[in-house]
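1. Here is my input, please return the structure:
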Amino acid sequence: MSRIVLGVEYDGSRYAGWQIQAGKATVQGELERALTNIAAQPVTVLCAGRTDAGVHALEQVVHFDCPVERDLRGWVMGGNSHLPDDIRITWAKPAVDDFHARYSAIARFYRYVILNRAMKSALLRDQATWCYNALDAERMHRAAQHLLGEHDFSSFRAQSCQSVSPNRLMYFIDVHRDGDKVIIDLCANAFLHHMVRNIAGVLIDIGSGKQPEDWVLHLLEIKDRAQAASTAPPHGLHLAGVFYPERYGVPTHPVFLKLPKDAKRFD
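-> As a prediction, the model looks like this:
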């Protein structure tokens, strides 16, 4: 039995999320169907982080165990030949030691994209969240710095979140403007359900002047999701990268060079 690791990108617009659900199109379902065709027997994949309906991935990391031998090119090219155009395997490699796509991860990097202009986009309608109110990206960035470090993120988690602890460690959060887009980059040791989208909703309210910059501090203190902003839409959210210890040899996004040397897995 060999374990294979894959990098996968996808447009989540027409899927009910990553996880298989009866009667619904899902990214996991499509990927398992494609790999099963290549392996000629059932394949089950496990991912670094489940994404919700409408959420995209620039690089999801998955692994699967399979008793049959296929070369790495076969998993990539063969798998893609059985996948729809909005899901692609970008690389494959054999797993090292005890690698696990979810439990070996040290940090995850998400990007939230806001189209900030008067008109909606014909091209980015499913890839960015549209906001017609002018946003002050610098103001959003200053406010976001209050989220750095370890905090109780109860005000930023979905009410249905099943995580035992609301505490997470935010390594960095940067907000910048790129033309008519405002981009929020976030990296933490782990994320709560809807945490990124709830942070984005708060920063949008701050950037538009509806709330003061120190509202973030207030929300951290009160630990009450009901008093925070609305959850931002899913289609602006992209899982952009997952960081693993160097010994696993998994391709690493350069943004992870900003991580501290002692970064550890979330337990």
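2. Show me the shaky parts of the stretch 1-150 of the chain.
-> Scanning the stretch 1-150 of the chain for pLDDT under 70 picks out nothing.
3. Where do the helices of it begin and end?
-> Applying DSSP state H, counting those that start in this stretch to the stretch 1-150 of the chain gives helices spanning 27-39, 72-73, 79-81, 137-144.
4. and what of the stretch 151-267 of the chain?
-> 195-207, 215-222.
5. how much space between residue 166 and residue 151?
-> Going from residue 166 to residue 151 by CB to CB, to the nearest Å gives 9 Å. In short, each C-beta sits where N, CA and C put it, glycine included.
6. Please name the residues that touch residue 68.
-> 39-41 (CB atoms under 8 Å, 6 or more residues apart in numbering).
7. Select from these the one having the most neighbours.
-> Most neighbours among those, by other CB atoms under 10 Å: residue 39, with 20 neighbours.
8. need the contact list for that one.
-> Residue 39 neighbours (CB under 8 Å, 6+ apart): 66, 68, 70.
9. among the residues you listed, which are in strands?
-> If you go by DSSP state E, those have residue 66 in strands.
10. ok, so of the contacts of residue 39, who is nearest residue 194?
-> For the contacts of residue 39, the residue nearest residue 194 by CB to CB is residue 66; the value is 33.5 Å.
11. what number of residues lie near the closest one?
-> Using other CB under 10 Å, residue 66 has 19 neighbouring residues.
12. wait, isn't residue 174 in contact with residue 187?
-> No: between residue 174 and residue 187 there is no contact under CB atoms under 8 Å: 9.1 Å.
13. Identify the residue nearest the geometric centre of the chain.
-> residue 239 (2.6 Å; CA atoms, centre = their mean).
14. Identify the residues contacting that residue.
-> Residues in contact with residue 239 (CB under 8 Å, 6+ apart) are 48-49, 51, 55-60, 108-110.
15. so which of those residues is the most crowded?
-> residue 60 leads the contacts of residue 239 on contacts (other CB under 10 Å) with 29 neighbours.
16. can you tell me which residues contact that one?
-> By CB under 8 Å, 6+ apart, the residues touching residue 60 are 7-10, 18, 27, 47-49, 51, 239, 242.
17. Recalculate using a threshold of 7 Å.
-> Counting by CB atoms under 7 Å, 6 or more residues apart in numbering, residue 60 makes contact with 8, 47-48, 239.
18. Quick check: it vs residue 144, distance?
-> For residue 60, the distance to residue 144 (CB to CB) stands at 24 Å.
19. that older thread, could you measure the closest residue in space to the residue nearest to the centre of the chain that isn't next to it in sequence against residue 27, distance?
-> Sequence neighbours aside, residue 57 is the residue nearest to residue 239 in space, at 4.3 Å (criterion: CB to CB, 6 or more residues apart in numbering). According to CB to CB, residue 57 stands 8 Å off from residue 27.
20. Check residue 141 too.
-> Applying CB to CB to residue 141 and residue 27 gives a distance of 31 Å.
21. Of the two, which one has the most company?
-> Higher neighbour count among residue 141 and residue 27: residue 27, with 30 against 19, using other CB under 10 Å.
22. Give the closest residue to that one in space, chain neighbours not counted.
-> residue 18 (4.9 Å).
23. just residue 51 next, same as before
-> Excluding the flanking residues, the one nearest residue 51 by CB to CB, 6+ apart is residue 18, at 4.7 Å.
24. Identify the residues contacting the residue nearest to residue 247 when sequence neighbours are not counted.
-> Nearest non-adjacent residue to residue 247, counting by CB to CB, 6+ apart: residue 96, 6.5 Å away. Residue 96 makes contacts with 247-249, as judged by CB under 7 Å, 6+ apart.
25. Sweet, I'm off.
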